[in-house]
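Trainee: I need the structure of the sequence given here:
(one chain, ligands or ions: 2)
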Amino acid sequence: MTNIKNNDLLLDTISSTENFPINFNELEQAAKQKLAAGPFGYIRSSAGGEETYRKNTESFAKYSIVPRFLTDVSVLNTEVTIFGRTYPHPLFIAPVGVNKIAHVDGEIAVAKAAAKYEFPYIQSTVSSYAIEEIAAVTEGSSKWYQLYWSQNKEISFSMVKRAEEAGYEAIVLTVDTVMLGWREEDIRNQFSPLKRGFAKGNYASDPVFMASLPDYDEDTIINSIIENIYHPSLNWDNIAELKERTSLPILIKGILHPDDAKLAFEKGIDGIIVSNHGGRQLDGVIASIDALPTIVDAVAGRIPVLFDSGIRRGSDAVKALALGATAVCIGRPFLWGLASGGQAGVERVLENFLQETKVSISLSGVRNLNELHKLKIVKS
Ligand SMILES: Cc1cc2nc3c(=O)[nH]c(=O)nc-3n(C[C@H](O)[C@H](O)[C@H](O)COP(=O)(O)O)c2cc1C
Ligand SMILES: CCCCCCC(=O)C(=O)O
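Mentor: Ligands and ions are numbered 1, 2, ... in the order given. As a prediction, this is how the structure comes out:
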């Protein structure tokens with residue numbers, strides 16, 4: 001619960017901002033100064049001609065908030081309850097792999113910042129740090145585990161087991177990455193986080209990713225990651241197998257079609273994440289925000305519907321929540337914060353995003369998420 005007094009939120013933010021970049025474009029430019037072309041391009045770019053990447057952000061402008069006034073917004077409650085746990089705000093960290101390409105502290109820095117600001121952290125399968133290492137530095141804070149289904153199912157199940165044992169609270173199965181998208185900037189830069197030599201001394205130098213394997217030489221790690229990323233046979237039967245192997249709630253990430261959302265519910269899935277992977281997979285697909293309303297209709301409140309791809313500002317979060325998202329996840333913005341200033345940089349990004357979101361909710365004339373879900377949005 002936040003008591004809004006004399007615009008404290010804004011004044012606090014101003015006094016602690018110093019010279020740190022404030023908005024997404026400034027953050028991206030600052031990160032560009034810090035990173036080599038390969039890692040910068042890998043994070044920034046997306047698939048094909050980047051049509052979907054552009055649409056993801058531009059489409060938010062088609063939706064306009066129609067605010068209410070005279071509603072007494074002096075007390076704001078942004079709490080949301082998902083799978084029995086109540087979070088102070090509906091803002092999550094999207095699963096993003098190989099964070100060491102942005103900063104040596106990688107996921108450790110992000111997870112610690114997330115814990116401080118109470119953003120639930122979704123750890124990627126292809127993290128630079130092991131499940132247990134991240135759990136150790138973020139005790140008590142909420143963490144979910146994102147799974148890339150491996151061609152070797154036993155690897156998938158071992159990752160799930162480790163996540164369970166380390167206290168992770170849900171499994172997020174990403175289904176839009178059965179193979180990597182066509183990413184021209186990476187081809188141009190001849191960059192892959194899996195490149196031999198690059199991997200060594202960066203994220204794959206410790207037994208971080210495949211700690212359940214018998215040995216951890218570079219080739220083994222790289223081949224195992226490839227097995228996880230390239231799994232074109234993934235289908236609904238695998239979902240049933242996964243359900244048998246864990247008692248944790250399972251979410252599917254990458255849903256864009258309302259019929260897939262319905263199927264997910266019918267197959268016993270506990271939640272979905274509407275996402276097009278930030279435009280990094282199939283170029284030309286629908287903007288994530290355009291996919292959201294029909295999916296929300298199809299799901300009809302029966303399971304949580306999280307959202308990502310294109311969230312850059314608090315008002316974007318307000319629009320997605322008003323269109324029915326249970327919570328929203330941020331991706332690239334926190335990576336730019338990480339590249340610019342390590343943990344402190346991520347904290348700055350989360351702080352600004354949180355405050356801008358709170359200000360945007362209050363200025364919409366609503367006081368809690370129930371009211372926010374009913375806020376009028378018009379599409380032009
Ligand atoms: C560098 C990078 C790595 C990513 N790695 C993963 C990953 O390991 N697993 C996953 O499910 N999604 C991954 N994503 C996708 C994000 O979870 C999220 O869907 C996307 O970043 C949202 O788009 P936005 O960053 O433009 O908001 C990655 C995205 C980026 C930018
Ligand atoms: C380490 C190989 C690439 C992993 C894929 C990570 C991802 O999802 C992305 O969008 O990039």
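
Trainee: How about the residue in this protein that sits furthest from its center?
Mentor: Note on the chain: the largest C-alpha distance from the chain mean falls to Leu70, namely 34.8 Å (CA atoms, centre = their mean).

Trainee: give me every residue that touches it.
Mentor: Leu70 makes contacts with Gly365, as judged by CB atoms under 8 Å, 6 or more residues apart in numbering. Glycine gets a C-beta too; all of them are placed from N, C-alpha and C.

Trainee: which SS state does it fall under?
Mentor: For Leu70, the assignment made with DSSP: H, G, I helix; E, B strand; the rest coil gives coil.

Trainee: can you pull the pLDDT of it?
Mentor: pLDDT recorded at Leu70 is 98.

Trainee: What does it show for phi and psi?
Mentor: Backbone geometry at Leu70, expressed as degrees, to the nearest 10, gives phi 60, psi 40.

Trainee: How much space separates it from Glu351?
Mentor: Separation of Leu70 from Glu351 (CB to CB, to the nearest Å): 30 Å.

Trainee: Could you do Ile286 as well?
Mentor: Note on Ile286: its distance to Glu351, by CB to CB, is 32 Å.

Trainee: got it, and Thr52?
Mentor: 29 Å.

Trainee: When the two are compared, which one has more neighbours?
Mentor: Taking neighbours as other CB atoms under 10 Å, Thr52 and Glu351 compare with Thr52 leading, 27 against 20.

Trainee: Mind checking what helix or strand follows the lengthiest helix in the chain in sequence?
Mentor: The residue-count maximum for a helix in the chain (DSSP state H) belongs to helix 332-363. On the C-terminal side of helix 332-363, the nearest following helix or strand under DSSP states H and E is helix 369-373.

Trainee: Listing request: residues of the stretch 1-150 of the chain with sub-threshold pLDDT.
Mentor: For the stretch 1-150 of the chain, the stretches with pLDDT under 70 are 3-18.

Trainee: which parts of it sit against ligand 2?
Mentor: Proximity of the stretch 1-150 of the chain to ligand 2 (CB under 6 Å from any ligand atom) is limited to residues 97-98, 126.

Trainee: wait, which of the residues you listed is closest to Ala163?
Mentor: For those, the residue nearest Ala163 by CB to CB is Val126; the value is 14.0 Å.

Trainee: so who does the spatially closest residue to Ile250 that is not a sequence neighbour touch?
Mentor: Using CB to CB, 6 or more residues apart in numbering and skipping residues adjacent in sequence, the residue nearest Ile250 is Ile171, 5.0 Å away. If you count contacts by CB under 8 Å, 6+ apart, Ile171 has them with 144-147, 160, 163, 242, 246, 248-251.

Trainee: So which of these are in strands?
Mentor: Among those, the ones falling in strands (DSSP state E) are 144-147, 250-251.

Trainee: For the stretch 151-300 of the chain, which segments count as strands?
Mentor: For the stretch 151-300 of the chain, the strands defined by DSSP state E, counting those that start in this stretch cover 171-174, 250-255, 271-274.

Trainee: Output these in CSV; the columns should cover distance to Gln343.
Mentor: Shown next, in CSV, are the strands of the stretch 151-300 of the chain (distance: least, CB to CB, whole Å):
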stretch, distance to Gln343
strand 171-174, 23
strand 250-255, 25
strand 271-274, 25
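
Trainee: Need the winner for burial among those.
Mentor: Comparing the strands of the stretch 151-300 of the chain by mean neighbour count (mean count of other CB atoms under 10 Å), strand 271-274 ranks first with a mean of 28.

Trainee: before we move on, back to that, compare the contacts of Ile171 and tell me which has the most neighbours.
Mentor: Within the contacts of Ile171, neighbour counts (other CB under 10 Å) peak at Tyr145, which reaches 28 neighbours.

Trainee: and it, what is it in contact with?
Mentor: Going by CB under 8 Å, 6+ apart, Tyr145 touches 122-123, 125, 131, 159-160, 163, 168, 170-172.

Trainee: Please identify which of those is nearest to ligand 1.
Mentor: For those, the minimum distance to ligand 1 (CB to the nearest ligand atom) is 6.1 Å, reached by Thr125.

Trainee: quick one: secondary structure of the closest one?
Mentor: Thr125 falls in the coil class when you classify it by three-state DSSP.

Trainee: show me the contacts for the spatially closest residue to Ala102 that is not a sequence neighbour.
Mentor: Spatially, and ignoring its direct neighbours in sequence, Ala102 is nearest to Ala339 (4.2 Å; CB to CB, 6+ apart). With contact set as CB under 8 Å, 6+ apart, Ala339 has these partners: 30-31, 34-35, 40, 43, 102-103, 345.

Trainee: mind listing which of those residues are in helices?
Mentor: Here DSSP H is the test, and the contacts of Ala339 give 30-31, 34, 40, 43, 345 as lying in helices.

Trainee: quick one: which two of the residues you listed are the most distant?
Mentor: Pairwise distances across these peak at 14.8 Å for Phe40 and Gly345 (criterion: CB to CB).

Trainee: what residues does the stretch 201-350 of the chain put near ligand 2?
Mentor: In this structure, the stretch 201-350 of the chain approaches ligand 2 at residues 225, 229, 277, 280, judged by CB under 6 Å from any ligand atom.

Trainee: do that again at 5 Å, thanks
Mentor: Near ligand 2, the residues belonging to the stretch 201-350 of the chain are Arg280 when assessed by CB under 5 Å from any ligand atom.

Trainee: All good on my end, thank you.
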